[in-house]
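K.L.:
Pasted the sequence and its predicted model underneath.
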2 protein chains.
Amino acid sequence: MTIEFPAGMTLRHPQEDDHPRVHALLDRWWGGLGGDAGSQQRVLLLPRLYFQHFTTTSYLLERADGELTAFLIGFLSQSDPAVAYIHFVGVDPAFRMQGIATALYSRFFEQARQLSRRYVNCLTSPENLTSQAFHARMGFRSLPGADIGGVQVQPGYDGVGLDRVVFTLDLAIS
Amino acid sequence: MTIEFPAGMTLRHPQEDDHPRVHALLDRWWGGLGGDAGSQQRVLLLPRLYFQHFTTTSYLLERADGELTAFLIGFLSQSDPAVAYIHFVGVDPAFRMQGIATALYSRFFEQARQLSRRYVNCLTSPENLTSQAFHARMGFRSLPGADIGGVQVQPGYDGVGLDRVVFTLDLAIS
């Protein structure tokens, strides 16, 4: 089943000069989550290389006036031919609750299936409860970890102090 | 020509549980370059995903006692079939000036050639003059940018305040 994007919006792969455009939106779209450290984390987790070398499995959604509404940065695991990975996703807060993230993920799942990937992996931060609820609704399971207020946290997953909630989805059963 | 590593050292691909081992060495190996901000940048530029999904083009060099001497994290561009990318390289300061970085790069070039990649791209920070001199010796050309004290700088290349020196090597003429 293909999930449709809102009328008048265009989906395309990003190119290198989209990198500063996406960066310019991060603080507003994330509402400053995590303060200055969170802001700096988001910038450093999205270096230009994703807009150069992983464009074919990444997507931008634009409105008719060319403004960005959402993006998804994903890649195919080079080491594990069963896995596709969603690295970073954002939706303009003014366009939430319209199924845009669901449609972006569905497009990525469809491509992953076509390319014979069985699993889709991704992660989020322990404080991003909205993201965790979204992934649960999409059918992702979180890797069992330290139970912190009902959240399965992997302490220091990405480095000292960089705790993560780690998700996987089995496309064969979703 | 295959460049040899020092006797008694073992080259292998990394696996996921090498991620914290490499992180634990970053501050010492980089000598605190860039202060706290530099330290945080290095951590965030090396998330666990590289040790999960790009292991087949990445390398660790270990001494006979199992201690890490050097590492190279690289990948094949998914979007551009002509390009291989070196993302992050470190050598224990106690083992520099022995040709280890040269041997790691040469191993990566050899693999890139075998996989029909023509270009190897990478970047460094404007303040890392040692790295810039190394890449020049290896035959990399820097992308023309803002000339700052003789260094070709790409301002804001990886985001606001994240200036870079950007290198490419043509394997067909090197």
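P.N.:
Thanks, I have it.

K.L.:
got the contact list for A:R21?
P.N.:
Contact analysis of A:R21 by C-beta atoms under 8 Å, 6 or more residues apart in numbering or on different chains lists A:L68. Where C-beta positions appear, they are placed from N, C-alpha and C, glycine not excepted.

K.L.:
Try it again at 10 Å.
P.N.:
Taking C-beta atoms under 10 Å, 6 or more residues apart in numbering or on different chains, we find A:R21 in contact with A:P14, A:F51, A:L60, A:E62, A:G66, A:E67, A:L68, A:F71.

K.L.:
repeat for A:Y157
P.N.:
Contacts of A:Y157 by C-beta under 10 Å, 6+ apart are A:L123, A:P126, A:L143, A:G145, A:D163, A:R164, A:V165, A:V166, B:H19, B:P20, B:P47, B:R48.

K.L.:
can you do 6 Å?
P.N.:
Contact analysis of A:Y157 by C-beta atoms under 6 Å, 6 or more residues apart in numbering or on different chains lists A:R164.

K.L.:
Quick check: closest non-adjacent residue to A:A101.
P.N.:
A:V91 (5.3 Å; C-beta to C-beta, 6 or more residues apart in numbering or on different chains).

K.L.:
So the one you found sits against A:A103, correct?
P.N.:
No: counting by C-beta atoms under 6 Å, A:A103 is not a contact partner of A:V91; they are 10.1 Å apart.

K.L.:
In terms of secondary structure, what does the helix or strand of chain A with the lowest mean pLDDT contact?
P.N.:
Lowest by mean pLDDT, DSSP states H and E among the helices and strands of chain A is helix A:35-44, with a mean of 91. Applying 3 or more C-beta pairs under 6 Å, 6 or more residues apart in numbering or on different chains; DSSP states H and E, one finds that helix A:35-44 contacts helix B:35-44.

K.L.:
what's the following helix or strand after the helix it packs on?
P.N.:
Scanning forward in sequence from helix B:35-44 by DSSP states H and E, the next helix or strand is helix B:49-53.

K.L.:
next helix or strand past that next one?
P.N.:
strand B:59-62.

K.L.:
check whether that following strand contacts chain A.
P.N.:
No: judged by C-beta under 6 Å from any C-beta of the partner chain, strand B:59-62 stays clear of chain A, getting no closer than 13.0 Å.

K.L.:
and the next helix or strand along the chain from that strand with strand A:68-76, angle?
P.N.:
Scanning forward in sequence from strand B:59-62 by DSSP H and E, the next helix or strand is strand B:68-76. Interaxial angle, strand B:68-76 versus strand A:68-76 (axes from the mean of the first three to the mean of the last three C-alpha atoms, to 10 degrees): 120 degrees.
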